[in-house]
Structure formats: C-alpha cells, structure tokens
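Asks: After the sequence you'll find the predicted model.
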Amino acid sequence: MILFLQALFVLLAYDILSALCRFQTIYSMVRGWTVNSKTDGPDIIDRVCMAVNYACVWYPKQALCLQRSFVTTYLLRKHGVAAQMVLGAQKLPFKAHAWVEVDGQAINERSNVQATYAVWDKC
C-alpha cells in the first residue's frame, strides 16, 4: 500500500514539474538521483512495477510513458535498484518512447521495446 501511495504522489509531482519546468530540468533530476544502498528485498522490482501500474489506473489522468518511466525509475532507485530511464525513437513512422531498464532488461514493458526503438539516451 505504501508503494502505491508513493507512486501516486510521484505521478502528481511529475505533473507539477512538467507544468513548471522544461524537459531538461526533469531530465537532469533523473540523472542526479542516486541509488539507495539498501535494497528492499528480491521482489522489489515486481512490487514497484505493480504499484506504478495500479497508481496509473487510479490516477485521474492518463500517465504517458515518460511519466510512468520517471515514477518507476525514482521508486526503484529509492528502494535500492539501479534502474535507468531510457529514451528511444523509431524513424518511420516517427514515434518516441520511454521505458525503464534494470541490468539492460526492459521492465514493466512489452518484450520487443528494445528492438522497436533505437536508444536516444539513458539516464
């Protein structure tokens, strides 16, 4: 329940930040987040992903991929997992996408995301 509430709060925080700040500011924040030295158990990745999924269902507006990735990256790092937010793009038709990776594996994401999008940056 606490992870769910944290996810809801960070979804709201992202909305406020994105209304007040440029993308570069948000991007710099993510780059600056450190990974907590204490990991909260072997199932923390699954628990965070589930909390973010439920929070997105209950959040009053649709959370897009960048917002979901921001929240997931924050919570994972806070709970001791070295997660990276990945930004990617597809040429034709042009599409951009954001997702989270842990140890090079996309999490909470469809399995072909890394084959579909060329990585633009990882933070």
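Replies: Sure, I can see it.

Asks: Next, count neighbours for the closest residue to I44 other than its chain neighbours.
Replies: Spatial nearest neighbour of I44, excluding adjacent residues (C-beta to C-beta, 6 or more residues apart in numbering): H79 at 5.0 Å. Any C-beta I mention is one placed from the backbone N, CA and C, and that applies to glycine too. Look at H79: counted by other C-beta atoms under 10 Å, it has 20 neighbours.

Asks: my guess is H79 meets N36, correct?
Replies: Yes - counting by C-beta atoms under 8 Å, N36 is a contact partner of H79 at 6.3 Å.

Asks: Now do the nearest residue to Y59 once chain neighbours are set aside, the pLDDT please.
Replies: Counting by C-beta to C-beta, 6+ apart, L11 is the residue found nearest to Y59 once chain neighbours are left out, at 5.0 Å. You'll see L11 listed with a pLDDT of 98.

Asks: likewise the one 4 residues further on?
Replies: In this model, D15 is scored at 97, pLDDT.

Asks: again with the one 4 residues further on
Replies: The predicted structure scores A19 at 97 on the pLDDT scale.

Asks: Tell me the secondary structure at it.
Replies: helix (DSSP: H, G, I helix; E, B strand; the rest coil).

Asks: and it, how many neighbours?
Replies: If you count neighbours by other C-beta under 10 Å, A19 ends up with 7.

Asks: Next one: it from C123, what distance?
Replies: Distance, A19 to C123, using C-beta to C-beta, to the nearest Å: 21 Å.

Asks: How about W99?
Replies: Distance, W99 to C123, by C-beta to C-beta: 12 Å.

Asks: Among these two, which residue is more densely surrounded?
Replies: It is W99, of W99 and C123, that has more neighbours when counted by other C-beta under 10 Å, with 24 against 15.

Asks: Go ahead and confirm that one touches S111.
Replies: No - using C-beta under 8 Å as the test, W99 is too far from S111 to be in contact (11.3 Å).

Asks: list the contacts for the residue nearest to Y59?
Replies: By C-beta atoms under 8 Å, 6 or more residues apart in numbering, the contact list for L11 reads A55, C56, Y59, A63, Q67, V71.

Asks: So which of those residues is the closest to F94?
Replies: Set against F94, the nearest of the contacts of L11 by C-beta to C-beta is Q67 (20.2 Å).
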